[in-house]
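> one predicted model, sequence on top.
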Amino acid sequence: MSSLPERGSWAAPLPDLSQPAVNQRIRIGAHVFRIAISTVQRDVPSEPDTHLVQIGVFYGERPLAAHDLGLQSPDACANVWAFLTNRLNETVVQFYTPRPRPTGEINPRLGCWGPRPDLIEQCLAEDDCAIAVVLGLSIWIPGANPPVDDQVFLEAIRDTLVEALSYWVVVAQKTAGPQDRLN
């Protein structure tokens with residue numbers, strides 16, 4: 001990792017998910033998660049011609065990290081993150097059919113807020129196990145076909161998150177044994 005946020009703080013302010021368009025608690029086995037998804041934001045100041053969706057998955061009172069489920073192997077954490085990001089990209093492509101940017105940059109772009117500060121303090125931030133599931137999906141829309149109904153798209157994002165979280169729980173049970181650290 002190139003740069004980590006200061007101990008005890010996030011590198012950038014977390015998105016405001018106090019009034020999400022989708023706010024749902026789900027139970028997967030013994031684990032309870034809360035999924036919060038923002039509205040589809042248009043007219044993003046720093047990104048013209050872009051739609052932005054912000055996502056948070058919470059476990060207890062904090063954003064979920066793979067470490068919370070007992071995952072500690074860098075390979076296992078990279079695996080679950082790859083599954084999540086690939087599935088989110090597939091969902092966006094299904095709904096938007098976006099074109100690559102003229103620069104060749106991928107579309108959509110997915111960004112995260114990085115490792116959770118409490119896990120940085122425990123010196124666990126050097127791999128994907130400590131990264132919080134707080135994400136931004138940035139979709140460049142020229143040439144794309146945005147969905148007719150934002151709510152249907154956001155519910156598909158939620159369903160994708162439920163599928164990915166189910167996978168995370170199964171991988172955790174197979175690699176670390178059943179553990180429930182926060183709730």
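Structure's in. What do you need?

> list the contacts of residue 92.
By Cβ atoms under 8 Å, 6 or more residues apart in numbering, the contact set of residue 92 is 98, 108, 137, 139. In this view, the C-beta of every residue, glycine as well, is placed from N, C-alpha and C.

> just the closest of those residues to residue 60, please.
Here the nearest of the contacts of residue 92 to residue 60, counting by Cβ to Cβ, is residue 137; it sits at 24.2 Å.

> and what about the closest one, helix, strand or coil?
Counting by DSSP: H, G, I helix; E, B strand; the rest coil, the backbone at residue 137 sits in strand.

> count the neighbours of the residue nearest to it when sequence neighbours are not counted for me.
Using Cβ to Cβ, 6 or more residues apart in numbering and skipping residues adjacent in sequence, the residue nearest residue 137 is residue 53, 4.5 Å away. As a burial measure, residue 53 scores 24 neighbours (other Cβ atoms under 10 Å).

> so residue 53 belongs to a helix, correct?
No - secondary structure of residue 53 (three-state DSSP): strand, not part of a helix.

> isn't it right next to residue 44, touching?
No - Residue 53 is not in contact with residue 44 according to Cβ atoms under 8 Å; the separation is 10.6 Å.

> quick one: the helices in the protein, in order.
With DSSP state H, the ranges of helices along the chain come out as 74-96, 117-121, 150-175.

> what packs against the last one?
Packing partners of helix 150-175 (3 or more Cβ pairs under 8 Å, 6 or more residues apart in numbering; DSSP states H and E): strand 22-28, strand 31-37, strand 50-59, helix 74-96.

> so for the helix or strand of the chain with the lowest mean pLDDT, what gets flagged as buried?
Lowest by mean pLDDT, DSSP states H and E among the helices and strands of the chain is helix 117-121, with a mean of 84. By neighbour count on 16 or more other Cβ atoms under 10 Å, the buried set for helix 117-121 is 117, 118, 119, 120.
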